[in-house]
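Undergrad: pasting the sequence and the predicted coordinates here, then a few questions.
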Amino acid sequence: SEKKEKSILLTNKELALVMTVLDELDKHEDSWPFLFPVNTKHFSTYKRIIKNPMDLSTIRSKLEGGIYKTKESFVDDVRTIFDNCETFNEDQSPVGKAGHILRLYFERRWAELTST
Ligand SMILES: Cn1cc(C(=O)NCCN)ccc1=O
């Protein structure tokens, strides 16, 4: 049925929406800490402290692989990036500050694009 179908994949409109937001996050000047997975060889405690690592390249791979069935599951992964950042970084550190700025940008942009 139409309802069932909706839960299997993102509609074209939703796909375009999440792609747009993902592209904007990727090019934002404060996205540099979040473009790729945190280097756990460089940050040896990261794996123990952060249970669900997430980054923008992983989100893009999941999107291209048809992993996201709803736009909400996409939003959950984006928010995980920022929650992980707050867990692992001091608020006033360069990475911590970038995380707060990019989270604010994302939430405002998402609201703009999805609020009726
Ligand atoms: C998200 N995140 C990124 C870094 C980082 O230093 N990234 C550099 C990328 N060149 C360190 C801790 C952290 O939580």
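TA: On my side now, so go ahead.

Undergrad: contacts and neighbour counts: CA atoms only from here.
TA: Noted.

Undergrad: which parts of stretch 88-97 are buried?
TA: Buried residues in stretch 88-97, counted by 16 or more other C-alpha atoms under 10 Å: V95, G96, K97.

Undergrad: right, I mislabeled it, should have said stretch 33-42
TA: By 16+ other C-alpha under 10 Å, the buried positions in stretch 33-42 come out as P33, F34, L35.

Undergrad: ok, back up a step: tell me which of the buried residues of stretch 88-97 is nearest to the ligand?
TA: Looking at these and their distance to the ligand, the nearest is V95, at 6.1 Å (C-alpha to the nearest ligand atom).

Undergrad: ok now the longest helix along the chain, how far from the chain's centre?
TA: Of all segments of type helix in the chain, defined using DSSP state H, the longest is helix 94-114. Its chain's C-alpha centre lies 10 Å from the corresponding centre of helix 94-114 when counted by C-alpha atoms, centre = their mean, to the nearest Å.

Undergrad: hmm, who's touching it?
TA: 17, 21, 25, 28, 30-31, 33, 79, 82, 85-86, 89-91 (C-alpha atoms under 8 Å, 6 or more residues apart in numbering).

Undergrad: among these, which lie within helices?
TA: Short answer: these in helices (DSSP H) are L17, V21, L25, R79, F82, C85, E86.

Undergrad: pipe the residues you listed into a markdown table and attach neighbour count per row.
TA: Output for the ones in helices among the contacts of helix 94-114, formatted as a markdown table (neighbours: other C-alpha atoms under 10 Å):
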| residue | neighbour count |
| --- | --- |
| L17 | 16 |
| V21 | 14 |
| L25 | 22 |
| R79 | 16 |
| F82 | 22 |
| C85 | 23 |
| E86 | 16 |
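
Undergrad: quick one: which of those is nearest the ligand?
TA: Among the ones in helices among the contacts of helix 94-114, C85 lies closest to the ligand (C-alpha to the nearest ligand atom), at 4.7 Å.
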